[in-house]
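J.: Predicted model and sequence follow; I will ask about them next.
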Amino acid sequence: MSRPATRVLALLEILQDRGLVPAGELTRRLGVDARAVRRYVTALRDMDIPVESVRGRHGGYRLARGVRLPPLMLADDEAVAVAVALATGKDQRAGEPGPADRALVKLNRVLPAPLRRRVSALISATSATAGPLTPEPHLILALAAAVHARHTVRIQHTRGAREVDPYGLVVHARRWYLVGHDHLRDAVRMYRLDRISGAAELPGRFTPPEGFDPVTHVLHTLTLGAWTHRTEVWLDTDLQTARDHLPVTFGDLRPCPDGGVLLVCGAEDLPAMARILTGLPWPFTIRNPPALATALAEHVATLTQAVARSQPAP
């Protein structure tokens, strides 16, 4: 969930807990300026939640008198989005109903009958080959709380206990990752959550590096950090076209001053990388390593032999 959405929900919770809340207090508790508070109030009103503005020295915001919000308020498109996310995002390998299945049943109970029938038809007609490998709820809740509070955690990893300053959680390609500063290695590391059995907050607090992006770190590590070979290939195309065609984890794309794009990526198997390059839709030039050019030549020779064998007999 985005930070603005989180703050809108936090604003609603504050207003539900109290009557009139001064605007200055809302800015302090939400960590934003007065203009942002007004935007969040407008967002609540757009969702048909009546928020009143009270002017004057002791003014602020409050929910309209006598308003009692139901436990769940979803527009039709929001209900469909939640239902689809629950149905297609669950672990398809589970042999018995999991949390997503139970939540879907509960959501179904509160939908209006016409919409419930349409959503049920959508779910029954939709199949997903694989959903995310969702960790245990208590684990992700504990780690998320530590990220939010900036508390060091001790995680029980398959390779032993670790003390980590958690910078963020990232979901990528069906897997969850914890990104943070590992005290033992004195470096930023990422850990797959399916290899963590437990987490406990420690008294120590930390300050994340300014501007650090956990998503960028995960993508960079998966692209370059885990591979034996670093490859550099010049592509005869523009940067936007390359980004549109190649997945973000394929490699780092950099525009070249003299034209074209430099693809920098990691590879464990150079012959496999050579086969991938021959499938690209643009001319290319291998710059590094020389062994990749050798692997490409061997692959081309294999293709040439296959073409010769496939020619009809004279």
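T.: Structure received. Numbers count the residues shown, from 1 in each chain.
J.: pLDDT below threshold where in the stretch 51-200 of the chain?
T.: 68-73, 89-98, 127-133 (pLDDT under 70).
J.: try the stretch 201-314 of the chain
T.: Counting by pLDDT under 70, the stretch 201-314 of the chain contains low-confidence residues at 225-226.
J.: can you pull the buried residues of the helix or strand where residue 78 lies?
T.: Assigned by DSSP states H and E, residue 78 belongs to helix 76-89. For helix 76-89, burial by neighbour count (16 or more other CB atoms under 10 Å) applies to 79, 80, 82, 83, 84, 86, 87, 88. The C-beta positions use only the backbone N, C-alpha and C, and glycine is treated the same way.
J.: Check which helices and strands that helix is in contact with.
T.: For helix 76-89, the packing partners by 3 or more CB pairs under 8 Å, 6 or more residues apart in numbering; DSSP states H and E come out as helix 99-110, helix 113-125.
J.: What helices and strands are in contact with the shortest one?
T.: What that stands for is helix 99-110. Counting contacts by 3+ CB pairs under 8 Å, 6+ apart, helix 99-110 packs against helix 76-89, helix 113-125.
J.: Farthest-apart pair in the buried residues of helix 76-89, please.
T.: 79 and 88 (15.0 Å; CB to CB).
J.: Show the contacting residues for residue 251.
T.: Applying CB atoms under 8 Å, 6 or more residues apart in numbering to residue 251 gives the contacts 223, 224, 231, 263, 264, 265, 266.
J.: can you rerun that using 10 Å?
T.: By CB atoms under 10 Å, 6 or more residues apart in numbering, residue 251 lies in contact with 223-224, 230-233, 242, 262-267.
J.: With residue 12 instead?
T.: 40, 41, 43, 44, 47, 49, 51, 63, 69.
J.: For PyMOL, write the select line for the buried members of those residues.
T.: PyMOL command restricting the contacts of residue 12 to the buried ones, with burial defined by 16+ other CB under 10 Å:
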select buried, resi 40+41+43+44+49+51+63
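J.: Let's see which of the contacts of residue 12 end up in strands.
T.: 51, 63 (DSSP state E).
J.: Pick out whichever of the contacts of residue 12 sits closest to residue 278.
T.: residue 43 (50.3 Å).
J.: coming back round to it: give me the buried entries from the contacts of residue 251.
T.: By 16+ other CB under 10 Å, the contacts of residue 251 give 223, 224, 231, 232, 233, 242, 262, 263, 264, 265, 266, 267 as buried.
J.: Kindly reformat those residues as TSV containing distance to residue 121 and secondary structure.
T.: Below are these laid out as TSV (distance: CB to CB, whole Å; DSSP: H, G, I helix; E, B strand; the rest coil):
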residue	distance to residue 121	secondary structure
223	41	helix
224	45	helix
231	48	strand
232	51	strand
233	47	strand
242	40	helix
262	49	strand
263	44	strand
264	47	strand
265	43	strand
266	45	strand
267	45	strand
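J.: Is residue 19 in a helix, a strand, or coil?
T.: When classified by DSSP: H, G, I helix; E, B strand; the rest coil, residue 19 comes out as coil.
J.: before we move on, back to that, need the contacts of residue 251 in CSV (columns: distance to residue 302).
T.: As requested, the contacts of residue 251 are exported to CSV (distance: CB to CB, whole Å):
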residue, distance to residue 302
223, 27
224, 28
230, 25
231, 20
232, 24
233, 20
242, 27
262, 27
263, 23
264, 26
265, 23
266, 24
267, 18
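J.: And the residues you listed, which two are furthest apart?
T.: 230 and 242 (18.3 Å).
J.: Count the neighbours of residue 46 for me.
T.: 8 (other CB atoms under 10 Å).
J.: Local confidence estimate at it?
T.: Residue 46 is assigned 85 on the pLDDT scale.
J.: any idea how far residue 39 is from it?
T.: When distance is defined by CB to CB, to the nearest Å, residue 46 is 10 Å away from residue 39.
J.: Then residue 86?
T.: On the measure of CB to CB, residue 86 and residue 39 end up 29 Å apart.
J.: Check residue 276 too.
T.: Distance of residue 276 to residue 39, given as CB to CB: 46 Å.
J.: now the contacts of residue 12 in JSON lines, with distance to residue 165?
T.: Listed next are these as JSON lines, based on distance: CB to CB, whole Å:
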{"residue": "40", "distance to residue 165": "30"}
{"residue": "41", "distance to residue 165": "35"}
{"residue": "43", "distance to residue 165": "33"}
{"residue": "44", "distance to residue 165": "35"}
{"residue": "47", "distance to residue 165": "36"}
{"residue": "49", "distance to residue 165": "37"}
{"residue": "51", "distance to residue 165": "38"}
{"residue": "63", "distance to residue 165": "38"}
{"residue": "69", "distance to residue 165": "37"}
